[in-house]
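Colleague: Fold the following for me, if possible:
(4 chains)
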4 protein chains.
Amino acid sequence: MFSPSIQKLIDLFSRFPTVGPRTAARFVFYLMKISKEEIEELINSISNLKKTVKICSFCFNPFEGEGELCKICADSSRDRTLLCVIEKETDLFTLEKTKKYKGLYFILGGTVSTFKKADVEKLRTKELKERIKSYPEIKEVIIATNPTTEGEATALYLERLLKKNLPALPTGQAGGRQVTRLGRGLPVGAELEYADEETLGSALEGRK
Amino acid sequence: MFSPSIQKLIDLFSRFPTVGPRTAARFVFYLMKISKEEIEELINSISNLKKTVKICSFCFNPFEGEGELCKICADSSRDRTLLCVIEKETDLFTLEKTKKYKGLYFILGGTVSTFKKADVEKLRTKELKERIKSYPEIKEVIIATNPTTEGEATALYLERLLKKNLPALPTGQAGGRQVTRLGRGLPVGAELEYADEETLGSALEGRK
Amino acid sequence: MFSPSIQKLIDLFSRFPTVGPRTAARFVFYLMKISKEEIEELINSISNLKKTVKICSFCFNPFEGEGELCKICADSSRDRTLLCVIEKETDLFTLEKTKKYKGLYFILGGTVSTFKKADVEKLRTKELKERIKSYPEIKEVIIATNPTTEGEATALYLERLLKKNLPALPTGQAGGRQVTRLGRGLPVGAELEYADEETLGSALEGRK
Amino acid sequence: MFSPSIQKLIDLFSRFPTVGPRTAARFVFYLMKISKEEIEELINSISNLKKTVKICSFCFNPFEGEGELCKICADSSRDRTLLCVIEKETDLFTLEKTKKYKGLYFILGGTVSTFKKADVEKLRTKELKERIKSYPEIKEVIIATNPTTEGEATALYLERLLKKNLPALPTGQAGGRQVTRLGRGLPVGAELEYADEETLGSALEGRK
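Modeller: Prediction:
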């Protein structure tokens, strides 16, 4: 029903994460209202993105500037014995905001719901294994996938992979190198009454 | 915390309707992942928008093609005695989808929450008055603003304006030309028990 | 896990509308906390309910006092040409609060999702037919079931029943006696963009 | 608008936790519909509650049966070195369902939002101090209030109280007797992106 140029742009915006056709249409009408200069600014920004932004050769975090490493990986004050494996770029910024983590990151690039080869190969597992092999200073790999079904499946896959391929990396506190997971428990604002049994069990076990 | 080019684009996307900084960040990381060709396609689409899309000289609906009128305004089978005044472009498409309306539209370009001159002048009221003066064939102006507080205030303002400036346009069924409003009542799926008194009152009055 | 007396009462409260076992448990612990006098008051109130409250012989509205008719049915100032058929008792009070309706009511006692005999017989259809037959002064029957799937099915069933059994009661404005439905349209606070097509179509048709 | 007996019962049900006047009205209409026998059963159950149900002299858990102790407190297989302090009765059943806790409980009877004497005295703090003094076998007091604002304030108050009054009960793993809290972290189904910083910080610290 929309004219072809508008429909085309609605289709392109509909591919953006979280955007449906209705929101995409609102984006297009927004662009029709703003000035030529603002359109120019947006186009230049999008166009510059791939030119100026590089991908960190260690953690896959997008960055700008000299060298091959992002600011975090290049920062000599970061704790190089810790490697936090996360699903996606925004998780890195979410964790940085807590100011509680001083180690390095590794962006896995997604999650898997099955252990099928085709699915698993979309993740940066080869690169992850390579990092752990090449950097013996890493003493703890923190698997920080979401505690969702997909995130859990991915964590399970990574745990098996790391233990199998890297016998020097046992789970738990015992070994010289270890694989850990983010702590489970009650989040701020929760009520015991409405918590699921697994979360509550974790909260009981993780008391301190 | 994000690198300057990324932050810049996050800021620009954050101006899009319904988009906050978190969603804007996801948009940027999405753009970082797609191919050069897809980026090119998006940029061209945005850039072409203002070049190929025109604004209908009657209803302000964006369109492509020959002439000065959009498809609806140019369609001789539409009922030219009806003019439906709507807040924004998407409302036109929403109403068209019902296939229940065969008249013309007029896109007001927004709503007002006060009757202050500065606010009111942002709406296309001058153009609306002009349309009604120039097109005596219009027999009914349907004010189809949202039944929200702002939409209601705007409808009230338009009703006063049309009646004051155009005495030949009384509200109600009596006059030769009239101003109407969309019917109020219970929507599909509603329950009497949870309906507000005004809606329920309208449903009672509007029974048939 | 609860002790038998507590579990028994949880089970009984769980039969209350909208109450699940968790809420039922909270009710029981609430009762354990309040004073003997408050318990006594509650028990007396429940116990008196069936003794003092009668069911109106015309509309099935529960009431207290002399005679066989509730306050509304006994009120000679109400418009006896209008009969509003509602699903349940609370709908009567919801409609009364609007102060827009001055006719009589008839509480149907539920809804049906199928037209199976067993389902339909749970409704007070026999009594409804009898009322319309015995009270020729009723000129309009307003079917005020909820515009939900079940409410709509019930309304459809009632329309057929009334027209079939009572040919003098056509739908629409034409006949001497008529069957109507509550007006459909946009409720207060709605936005065109998020309204379903049927509601929007009704709003267009019902404009005034 | 309702008749006096109905209104009276609506008022009484409105005092029940989570019940508003609309739900209370539905309760009353539900009671009007059920049989005399069912009413009788409900009244007997409510009336028996205070007669047959006792309050455990150790943990304040309601129970039925011989003696002064509830089933849990009387169960010699429970771990008497652990005392879990909870806000209310239902929290006990919620924790029992996890089957992860084998110690004893103590029902505090509420929470405080301020440390005002009048507020604090509504809690069973005197009894809690007495329990810890009289039962030297208790080695760990787990404060299991909700991680809500009120629950946190209450936990803080209890921690101070226990440490001040009972110097042999330090927080943390060091002492012979200790005060702990339920573990904080990400609950099942959470996403890092939407977790608050405090929860995420706890999840990082509590990794294992």
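
Colleague: and the residue nearest the centre of chain A, what is it in contact with?
Modeller: Ranked by distance to the mean C-alpha position of chain A (C-alpha atoms, centre = their mean), the top residue is residue A:88 at 2.0 Å. When contacts are counted by C-beta atoms under 8 Å, 6 or more residues apart in numbering or on different chains, residue A:88 touches A:107-110, B:29. (Glycine included, C-beta is placed from N, CA and C.)

Colleague: how about 10 Å then?
Modeller: A:60, A:94, A:107-111, A:145-146, B:26, B:29, B:33, D:192-193 (C-beta atoms under 10 Å, 6 or more residues apart in numbering or on different chains).

Colleague: where does chain A have low pLDDT?
Modeller: Within chain A, the ranges that satisfy pLDDT under 70 run A:167-175.

Colleague: Quick check: which element contains residue A:129?
Modeller: helix A:125-134 (DSSP states H and E).

Colleague: How about that helix and chain D, any contact?
Modeller: No: under the criterion of C-beta under 10 Å from any C-beta of the partner chain, chain D is not reached by helix A:125-134; the shortest gap measures 17.3 Å.

Colleague: mind saving the C-alpha coords of that helix as PDB?
Modeller: Output of helix A:125-134 as PDB, limited to C-alpha atoms (Å, rounded to 0.1, in the frame of the first residue of the first chain):
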ATOM      1  CA  THR A 125      34.500 -21.400  19.200                       C
ATOM      2  CA  LYS A 126      37.600 -22.000  17.100                       C
ATOM      3  CA  GLU A 127      38.900 -18.500  18.100                       C
ATOM      4  CA  LEU A 128      38.000 -19.100  21.700                       C
ATOM      5  CA  LYS A 129      40.000 -22.400  21.900                       C
ATOM      6  CA  GLU A 130      42.900 -20.600  20.100                       C
ATOM      7  CA  ARG A 131      42.900 -17.800  22.700                       C
ATOM      8  CA  ILE A 132      43.000 -20.200  25.600                       C
ATOM      9  CA  LYS A 133      45.800 -22.200  24.000                       C
ATOM     10  CA  SER A 134      47.900 -19.100  23.100                       C
END
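
Colleague: returning to what we had before: in strands, which of the contacts of residue A:88 fall?
Modeller: residue A:107 (DSSP state E).

Colleague: which one of the contacts of residue A:88 sits closest to chain C?
Modeller: residue B:26 (23.1 Å; C-beta to the nearest C-beta).

Colleague: check contacts around the spatially closest residue to that closest one that is not a sequence neighbour.
Modeller: Once flanking residues are discounted, residue B:26 sits nearest to residue A:17: 4.7 Å by C-beta to C-beta, 6 or more residues apart in numbering or on different chains. Taking C-beta under 10 Å, 6+ apart, we find residue A:17 in contact with B:23, B:26-27, B:29-30.

Colleague: What's the ChimeraX syntax to select whichever of these are buried?
Modeller: Per 16 or more other C-beta atoms under 10 Å in any protein chain shown, the buried members of the contacts of residue A:17 correspond to this ChimeraX selection:
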select /B:23,26,27,29
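
Colleague: if I look at residue A:47, how far off is residue A:34?
Modeller: 17 Å (C-beta to C-beta, to the nearest Å).

Colleague: Kindly report the same for residue A:68.
Modeller: 37 Å.

Colleague: In a helix, residue A:203, correct?
Modeller: Yes: under DSSP: H, G, I helix; E, B strand; the rest coil, residue A:203 sits within a helix.

Colleague: Where do the helices of chain A begin and end?
Modeller: Along chain A, counting by DSSP state H, helices occupy A:4-14, A:21-33, A:36-52, A:71-74, A:89-98, A:117-120, A:125-134, A:149-165, A:197-205.

Colleague: TSV for those helices, including distance to residue C:121?
Modeller: Formatted as TSV, the helices of chain A follow (distance: least, C-beta to C-beta, whole Å):
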stretch	distance to residue C:121
helix A:4-14	50
helix A:21-33	45
helix A:36-52	65
helix A:71-74	72
helix A:89-98	59
helix A:117-120	55
helix A:125-134	64
helix A:149-165	46
helix A:197-205	44
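
Colleague: Distance of the residue nearest to residue B:26 relative to residue A:90?
Modeller: 10 Å.

Colleague: Report the set of residues contacting both of those two.
Modeller: In contact with both residue A:17 and residue A:90: B:26, B:29, using C-beta under 10 Å, 6+ apart.

Colleague: Residue C:154 is nearest to which of the helices of chain A?
Modeller: helix A:21-33 (32.9 Å; C-beta to C-beta).

Colleague: send the alpha carbons of that closest one over as PDB?
Modeller: This file holds the C-alpha atoms of helix A:21-33, laid out as PDB (Å, rounded to 0.1, in the frame of the first residue of the first chain):
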ATOM      1  CA  PRO A  21       6.800  -3.300  10.000                       C
ATOM      2  CA  ARG A  22       4.800  -0.800  12.000                       C
ATOM      3  CA  THR A  23       7.900   0.700  13.800                       C
ATOM      4  CA  ALA A  24       9.800   0.600  10.500                       C
ATOM      5  CA  ALA A  25       7.000   2.700   8.900                       C
ATOM      6  CA  ARG A  26       7.300   5.200  11.700                       C
ATOM      7  CA  PHE A  27      11.100   5.400  11.100                       C
ATOM      8  CA  VAL A  28      10.500   6.200   7.400                       C
ATOM      9  CA  PHE A  29       8.000   8.900   8.200                       C
ATOM     10  CA  TYR A  30      10.400  10.300  10.700                       C
ATOM     11  CA  LEU A  31      13.100  10.500   8.000                       C
ATOM     12  CA  MET A  32      10.700  12.200   5.700                       C
ATOM     13  CA  LYS A  33      10.200  15.000   8.300                       C
END
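
Colleague: Thanks a lot, catch you later.
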